[in-house]
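Trainee: Make a model of this:
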Amino acid sequence: MEGKVIKSLLSGVITQVYPVVAPQDITGSYVTYQIIDKVPWDSKGVVATVDAVRVTLKIVADTYSALATLVESVRTAMDQKSGTYASIVIQNVVFDDERDQYDEDLKKSYKEMDFLIIRNR
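Mentor: Reported below is the predicted structural model:
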């Protein structure tokens with residue numbers, strides 16, 4: 001479900017969005033996402049109707065300049081969003097963290113960004 005939300009939010013930014021791992025033969029910029037954890041949100045002893053889902057996005061581009069631009073566009077597309085996306089009610093999406101990384105196999109820098117998605121179950 002979270003993948004549909006992420007793809008919907010990023011649809012105006014990038015089309016190559018994949019769960020966990022991108023295809024080996026991929027070219028150009030892309031984003032992968034991974035669910036880090038999913039916990040009930042403020043359930044107070046009853047069955048939770050809302051989940052808090054922490055996701056990490058890996059953002060890859062051909063140059064560091066293109067990466068910086070893409071990262072800013074991803075943050076703008078995701079941060080503080082609410083509403084219905086891919087038929088899922090999102091209460092809020094919160095930007096949490098950003099890290100520089102380097103992939104020795106790809107010989108490319110990339111960024112990881114963490115978001116908290118608070119959504120109805």
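
Trainee: Give the bridge partners for Val39, please.
Mentor: Note on Val39: beta-bridge partners by DSSP bridges are Ala52.

Trainee: got it, and Gln34?
Mentor: Beta-bridge pairing for Gln34 (DSSP bridges): Thr56.

Trainee: Let me see the contact set for it.
Mentor: Pro19, Val20, Val55, Thr56, Lys58 (C-beta atoms under 8 Å, 6 or more residues apart in numbering). Placement of C-beta: from N, CA and C, glycine included.

Trainee: Just confirm the fourth one contacts Val31, I think it does.
Mentor: This means Thr56. No. When contacts are counted by C-beta atoms under 8 Å, Thr56 is not listed as touching Val31 (10.6 Å).

Trainee: So between these two, which is more surrounded?
Mentor: Each of Thr56 and Val31 has its neighbours counted (other C-beta atoms under 10 Å); Val31 has more, 25 against 16.

Trainee: Could you measure from that one over to Lys58?
Mentor: Distance of Val31 to Lys58, computed by C-beta to C-beta, to the nearest Å: 7 Å.

Trainee: for Ala68, same thing?
Mentor: Distance from Ala68 to Lys58, by C-beta to C-beta: 15 Å.
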